[in-house]
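J.: got a structure for you, letters missing:
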């Protein structure tokens, strides 16, 4: 038997030997070895009385620092450093042997001791864990208190009676109180105003509902209204509500800026609304398109000028409104590139195919993201202005011509009268005394005199037309029955109508109201127009001339339409035909003054004349005369002598 | 020809355009008229103080005297004279003025010679009838208003000599 000396035995540890059989020893080891230090057990030896497959793993035992491993109890009987032997086996022989062999005071614990030791270890472990938790809790509480005291937040604690238990530095400053003055008191005892009732209500609700609640409101602090946001946490300990934490955030600035923002928003909305109304009700054509050129909005001015309703055009490409879509596209591309377009005169086509001349300018609007949002198309309808301008120019021109005519006509007419008189004299002399001449000389001279007369007549026609301007003064206003007046005109032109075999189609609207105008001037208008139409129909040989005369009336105007199936007017001439001396008739047949006079007379009567024509097919003149004459007499371009 | 064959029409032709007066007078004389020429308003008026005319053709615009004033003077000198106003101007106002002064017609230059000739004859005839009518009326007045036969003979002789000068 070999005695094992253990030199490195620590005096404050219990040197323990474990004795058992196979499996039992393994269990024992597993239970003790890992936690042996807790019980100050120092396992110094292991005896396996029945080694087998279930025996403890030798490497494991060595790994746990146990040096003495044997299979017989003899090895431990000789040791003098053992404090305790734990017996894993029920084998009484072994127990008896140990009791007799060992030093008599060494306690030997049976297998039951294992359970006791396990329980003890658990108790110790639990105790230690509890001690550790408690320490951590204390630390947390301390840190929390520091946080509460130093945080830039207003924090207070109240009990279930809503008495202050604590109020942090920040809250003391904000609320203007000292902790010593408030602890143990309710708001009613602290604030002269009794505190905010809404806050007390929410605090009570927090206690009752045991839930975290949020509220916003106003606190009267030192005479100022402080907007606050309050968060209330219930304090629950052991299932009982012990009080509450209150967290107050000063939101006055936030609230103020919010209020300002609302105010600005309101103003912005107001401005936007105003602008929208201005745009909407503008008499100019204003519409918006998206960056691809499709119409987004269409204002009332656009509806009025172009005749389309909003629903008809929204979503459609804007260039479709233009007479030359490619021009609009160029302008649009320029806008997308430069941000705006140069102002440009463009022609739109109204729904009824009228040309609407506009000054158009486009502006690109970027969205908040900096990307193109929409394009504003602003178009001023120039049609009316251009027409008025043209009317004025024509009238001014006529005024000048009137003056010229009166001055020049006399000068021309006098020598003309002399020429014609002399021509007549020569003619008479040829007749009376021509026998002395050679026959062919006489014939030639007779023919020459005839042509001379003819040419004089031609000049006379011009000078007398010129004098027509002078004659077109107001002869006097009277009640006019348009049907009667038109019949008079047809009567005046009876010979020419019969000679040209023109068929007259009368489309008179019955019972038209009488109106006040100048019948002499109106007669001149219609005689000129009908004569013009007859001439136009004469220029188409082989076609039976049909002249339609139509009358109608609306609220303010009387309309007379004179339509012929004559030669028509080339598109490029339709604007010019009212210009003075513009004529398409063969030389000597037209003076280019008739339609000028028509235009001039109607201008002065407050009316208008328009022409529509299909070249080679027909022409239609529309005369509009106001039912009530203009109150302010328009300038009279002719002069009185 | 509507004029009485025995007595040629006495015409006063006044225009500042000498060529016109010369050649028009020549043509009218060829047609049997007795034409006196005047190249200004004052010439016309002075001619009217020297002899009686049936018809005057007067240019409305002459440098020395307004045509309308010429008509006034002629009418005051010879109440029965018929005046044809001749002008290169066309103006309703002047035409209306011509009507007011009892001018027979208003003719725009350049005129149609035949038309002018017809108008002169018509005017002369018109004058004749007007004078005839007035003479008969005056005579009638005399007959009913005068009691003594000697007075009647005296007055009718006076009236006859007055009208027969024309």
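T.: Cool, got the structure. Nothing here was measured: the structure is a model prediction, and the numbers come from that model.

J.: what's near enough to touch residue A:515?
T.: By C-beta atoms under 8 Å, 6 or more residues apart in numbering or on different chains, the contact set of residue A:515 is A:479, A:480, A:482, A:558, A:625, A:626, A:627, A:628. All C-beta spots, glycine's among them, are computed from the backbone N, C-alpha and C.

J.: What's the per-residue pLDDT of it here?
T.: What the model reports as pLDDT for residue A:515 is 87.

J.: Which residues does it form beta bridges with?
T.: residue A:480 (DSSP bridges).

J.: Roughly how far does it sit from chain B?
T.: 23 Å (C-beta to the nearest C-beta, to the nearest Å).

J.: Show me which of the contacts of residue A:515 are buried.
T.: Buried members of those, scored by 16 or more other C-beta atoms under 10 Å in any protein chain shown, are A:480, A:482, A:558, A:625, A:626, A:627.

J.: My read is that the last one contacts residue A:512, right?
T.: No - the pair residue A:627 and residue A:512 fails to qualify as a contact (C-beta atoms under 8 Å) at a distance of 9.8 Å.

J.: intersection of neighbour lists for those two?
T.: A:553, A:558.

J.: Look at residue A:11 and report its pLDDT.
T.: 55.

J.: before we move on, what about residue A:91?
T.: Predicted confidence (pLDDT) for residue A:91: 73.

J.: That one: neighbouring residues, count only.
T.: 16 (other C-beta atoms under 10 Å in any protein chain shown).

J.: surely it meets residue A:21?
T.: Yes - judged on C-beta under 8 Å, residue A:91 makes contact with residue A:21 at a distance of 7.1 Å.

J.: Remind me which helix or strand the residue of chain A most remote from its centre belongs to.
T.: The centre of chain A is farthest from one residue, residue A:100, which by C-alpha atoms, centre = their mean lies 105.6 Å away. Secondary structure from DSSP states H and E places residue A:100 in helix A:92-101.

J.: So which residues make contact with that helix?
T.: A:19, A:49, A:73, A:74, A:77, A:85, A:87, A:108, A:110.

J.: overlap between those and the residues near chain B?
T.: Filtering these for proximity to chain B by C-beta under 8 Å from any C-beta of the partner chain leaves nothing.

J.: packing partners for the longest strand seen in chain A?
T.: Counting residues, the longest strand in chain A under DSSP state E turns out to be strand A:224-237. If you count contacts as 3 or more C-beta pairs under 8 Å, 6 or more residues apart in numbering or on different chains; DSSP states H and E, strand A:224-237 packs onto helix A:197-209, strand A:213-221, strand A:240-250, helix A:252-281.

J.: Walk me through which strands that strand pairs with, and which way each runs.
T.: strand A:213-221 (antiparallel), strand A:240-250 (antiparallel).

J.: quick one on the thing from earlier: need the next SSE after the helix holding residue A:100, C-terminal direction.
T.: Following helix A:92-101 in sequence, per DSSP H and E, is strand A:108-109.

J.: From the contact counts, what lies against that following strand?
T.: Using 3+ C-beta pairs under 8 Å, 6+ apart as the test, strand A:108-109 ends up in contact with strand A:84-87, helix A:92-101.

J.: List of residues touching it?
T.: A:84, A:85, A:86, A:87, A:95, A:98, A:99, A:102.

J.: Which one of the residues you listed sits in the busiest neighbourhood?
T.: Of the contacts of strand A:108-109, with other C-beta under 10 Å as the count, residue A:87 tops at 26 neighbours.

J.: what are the bridge partners for it, then?
T.: Those that pair with residue A:87 in a beta bridge, by DSSP bridges, are residue A:19.

J.: how close does it sit to chain B?
T.: 159 Å.

J.: Quick check: that residue touching residue A:17?
T.: No - judged on C-beta under 8 Å, residue A:87 makes no contact with residue A:17 at a distance of 9.4 Å.

J.: Tell me who's in contact with residue 44.
T.: Picking chain A for this. Here residue A:44 is in contact with A:6, A:9, A:15, A:16, A:17, A:66, A:67, A:68, A:79, A:81, A:82 (criterion: C-beta under 8 Å, 6+ apart).

J.: actually it's chain B I care about, not the one you picked
T.: Counting by C-beta under 8 Å, 6+ apart, residue B:44 touches B:12, B:14, B:38, B:56, B:58, B:70, B:74.

J.: Check the burial of the third one by counting its neighbours.
T.: Which is residue B:38. Counted with other C-beta under 10 Å, residue B:38 comes out at 23.

J.: Can you pull the phi/psi pair for it?
T.: phi -140, psi 130 (degrees, to the nearest 10).

J.: for stretch A:345-352, the distance to its chain's centre please.
T.: 27 Å (C-alpha atoms, centre = their mean, to the nearest Å).

J.: Could you do stretch A:324-340 as well?
T.: 21 Å.

J.: can you check stretch A:369-377 too?
T.: Counting by C-alpha atoms, centre = their mean, stretch A:369-377 comes out at 9 Å from the chain centroid.

J.: Mind listing what's buried along it?
T.: Quick answer for stretch A:369-377 (16+ other C-beta under 10 Å): A:372, A:374, A:375, A:376, A:377.

J.: what separates the first one from residue A:72, distance-wise?
T.: Per C-beta to C-beta, to the nearest Å, residue A:372 is found 100 Å from residue A:72.

J.: Likewise for the fourth one?
T.: Summarising the geometry, the distance separating residue A:376 from residue A:72, computed by C-beta to C-beta, is 109 Å.

J.: Need the contacts of residue A:515 in JSON lines (columns: pLDDT and distance to residue A:335).
T.: Converted to JSON lines, these look like this (pLDDT from 0 to 100; distance: C-beta to C-beta, whole Å):
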{"residue": "A:479", "pLDDT": "85", "distance to residue A:335": "56"}
{"residue": "A:480", "pLDDT": "87", "distance to residue A:335": "52"}
{"residue": "A:482", "pLDDT": "91", "distance to residue A:335": "50"}
{"residue": "A:558", "pLDDT": "91", "distance to residue A:335": "45"}
{"residue": "A:625", "pLDDT": "91", "distance to residue A:335": "44"}
{"residue": "A:626", "pLDDT": "89", "distance to residue A:335": "42"}
{"residue": "A:627", "pLDDT": "86", "distance to residue A:335": "45"}
{"residue": "A:628", "pLDDT": "81", "distance to residue A:335": "46"}
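
J.: What about the residues you listed, which are in helices?
T.: Among those, DSSP state H puts residue A:482 in helices.

J.: Out of the contacts of residue A:515, the closest to chain B would be?
T.: Within the contacts of residue A:515, the smallest distance to chain B is 19.2 Å, found for residue A:480 (C-beta to the nearest C-beta).

J.: Pass me the low-pLDDT residue ranges in chain A, would you?
T.: Low-confidence segments of chain A (pLDDT under 70): A:1-11, A:33-38, A:387-388, A:390-403, A:405-406, A:464-476, A:579-593, A:630-641.

J.: returning to that earlier point: what's the overlap in contacts for residue A:91 and residue A:21?
T.: With C-beta under 8 Å, 6+ apart as the test, residue A:91 and residue A:21 both reach residue A:49.

J.: any bit of the longest helix seen in chain B sitting next to chain A?
T.: The single longest helix within chain B, with elements called by DSSP H, is helix B:113-145. Yes - against chain A, helix B:113-145 shows contacts by C-beta under 8 Å from any C-beta at residue B:113.
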